[in-house]
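A.B. asks: show me how the following folds:
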Amino acid sequence: MLGYVVRRICVAAGLVLIVATLVFLAIHLVPGDPAELLLSQGGVAPDPATVAELREKLGLDAPLLDQYVNYLAALLHGNLGSSLIDDHSVAAEIALRLPRTLELIAAAAVLAILLGLPAGTLAALHAGSLADRLASAAAGIALSIPVFVVGTVAILLFAQKLRWVPAGGYVPFERDAFGHLLVLAMPAGTIALGLAAVIFRMTRASVLEVAAGDYVRAARARGIAPGRIVLNHILRNALLPVVTVLALHLGSLLGGTVLVEYVFNWPGLSGYLVRAVELRDYPEVTGIVLVISILFVLLNLAVDLTYAVLDPRVRHVR
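C.D. replies: Purely as a prediction, here's the structure:
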C-alpha cells in the first residue's frame, strides 16, 4: 500500500509540474504580445512606452528560459504575482475566495451523496418497481433543468414566498454560524440537485451490474444476511465507477460554479475568474487557472487512493 501511495504522489507531482509549464507556455506561445493584448482597448493600439513598462513589470522582457525559472521559483514560494488593476496579491485574493468555493462544492457533494447513493442503491435492489420508476423519472428531470433555473426558482420559493432563508449574499461563519449556514443552504442545494441525479443514475446502473455477479449469488447461497451482502459484496464493488463520476463532476465544479455564485451573490473563486477575464488581468487569470488545475490533479490523487481502499487489486497496478 505504501509503495502505491508513493507512486501516485510522484505521478501527481509530475502532473502539477506539467500543468504549471502548460499555463506558462499558454501565455507565451499564443500569437501577439501579451502586454500589448492586455492594453488594447476597442482596437486602439496602446502607447509603445506603456507596453514596454508593462512588459518590464510582468518580466516579459527577460529571456524565455529565465522567465520560466523565475516563474517556477515564485510558485514554490506561493507567489502568483499582483493584479494589474489594483496591485493586490493574487495569492491572497485566491486564498480568501477559494475556501468559499470549496465549502460550497463540499456541502453540495455531501448533500448529493446522502440523497443519490441510498436512492440509487434502493432503486437497483427494487428494479422495475413503481418507486424505481418514479425515482428514475425525477433524476431525469433534475438533470434536464439548468442550474440557474433551479437557483431562481429556489429564491422565489424559499426566500421570497416562504421567507425561510436569505435570497443570497455571504455571512462569515465566525461572525454568525447559523446565518452562514442559512445563506449556504440554497446555493449548495442548487448544485446538489443535479449532482445527486448523476450519482443516483450511476449508482443504480453499477449496483444492478454487480448484483448480477456470480459471487453475489454464491453469497446468497451460503446464507449470508442480505444487509451484509449489500454492504460488503455489492455496494463496495459498485462504488468504483460512482467515485470516478463524482470526482469528474467535482473537478468541473471548481471553475464551473460561476452561475450559482452569480445568482446567489456568493463571493467565490468562479466569480473572481470571470471578473479577471473581463478586466484582462493576466496575473489573476493565470493564477486562478493554475490553482484550479492543481486542485483537479489533487482530486484525482484522492480518487486513486480511494480506489486502493475500495479494491485492494488496484494497489498492484503499475
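
A.B. asks: for the stretch 1-150 of the chain, just list every one of the helices.
C.D. replies: For the stretch 1-150 of the chain, the helices defined by DSSP state H, counting those that start in this stretch occupy 2-28, 34-39, 48-58, 64-76, 90-125, 130-144, 147-154.

A.B. asks: among these, show me which one is buried the most.
C.D. replies: Neighbour counts (mean count of other CB atoms under 10 Å) averaged over each of the helices of the stretch 1-150 of the chain peak at helix 90-125, with a mean of 19. In short, each C-beta sits where N, CA and C put it, glycine included.

A.B. asks: quick one: mean pLDDT for that helix?
C.D. replies: Average pLDDT, helix 90-125: 91.

A.B. asks: check which helix or strand covers the closest residue to Glu103 other than its chain neighbours.
C.D. replies: Spatial nearest neighbour of Glu103, excluding adjacent residues (CB to CB, 6 or more residues apart in numbering): Leu184 at 7.1 Å. Assigned by DSSP states H and E, Leu184 belongs to helix 177-211.

A.B. asks: tell me what that helix is packed against?
C.D. replies: When contacts are defined as 3 or more CB pairs under 8 Å, 6 or more residues apart in numbering; DSSP states H and E, helix 177-211 packs onto helix 90-125, helix 130-144, helix 147-154, helix 236-256, helix 258-263.

A.B. asks: can you put those helices in a markdown table and add distance to Ala188?
C.D. replies: What follows is those, written out as a markdown table (distance: least, CB to CB, whole Å):
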| stretch | distance to Ala188 |
| --- | --- |
| helix 90-125 | 4 |
| helix 130-144 | 15 |
| helix 147-154 | 11 |
| helix 236-256 | 11 |
| helix 258-263 | 9 |
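
A.B. asks: right, and those helices - which one's nearest Ala211?
C.D. replies: Between Ala211 and those, the shortest separation by CB to CB is 6.7 Å, and it involves helix 90-125.

A.B. asks: between the closest one and helix 177-211, how many degrees?
C.D. replies: Inter-element angle recorded for helix 90-125 and helix 177-211: 50 degrees (by axes from the mean of the first three to the mean of the last three CA atoms, to 10 degrees).

A.B. asks: let me know the average pLDDT across stretch 260-268.
C.D. replies: Mean pLDDT, computed over stretch 260-268, is 87.

A.B. asks: circling back: take the helices of the stretch 1-150 of the chain and write them to JSON lines, including distance to Val277.
C.D. replies: As requested, the helices of the stretch 1-150 of the chain are arranged in JSON lines below (distance: least, CB to CB, whole Å):
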{"stretch": "helix 2-28", "distance to Val277": "14"}
{"stretch": "helix 34-39", "distance to Val277": "12"}
{"stretch": "helix 48-58", "distance to Val277": "17"}
{"stretch": "helix 64-76", "distance to Val277": "20"}
{"stretch": "helix 90-125", "distance to Val277": "14"}
{"stretch": "helix 130-144", "distance to Val277": "28"}
{"stretch": "helix 147-154", "distance to Val277": "19"}
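
A.B. asks: ok, which of those helices comes nearest Ala247?
C.D. replies: Using CB to CB, the helices of the stretch 1-150 of the chain put helix 90-125 closest to Ala247, at 10.0 Å.

A.B. asks: beyond the helix holding Leu184, next helix or strand please.
C.D. replies: Trace forward from helix 177-211 with DSSP H and E and the next one is helix 214-221.

A.B. asks: now that following helix: buried residues?
C.D. replies: Neighbour counts over helix 214-221 (16 or more other CB atoms under 10 Å) mark Val216, Ala219 as buried.

A.B. asks: next SSE after it?
C.D. replies: helix 226-228.

A.B. asks: how far is stretch 247-267 from where the chain is centred?
C.D. replies: Distance of stretch 247-267 from its chain centroid, counting by CA atoms, centre = their mean, to the nearest Å, is 7 Å.

A.B. asks: kindly report the same for stretch 52-66.
C.D. replies: With CA atoms, centre = their mean as the basis, stretch 52-66 stands 33 Å off its chain's centre.
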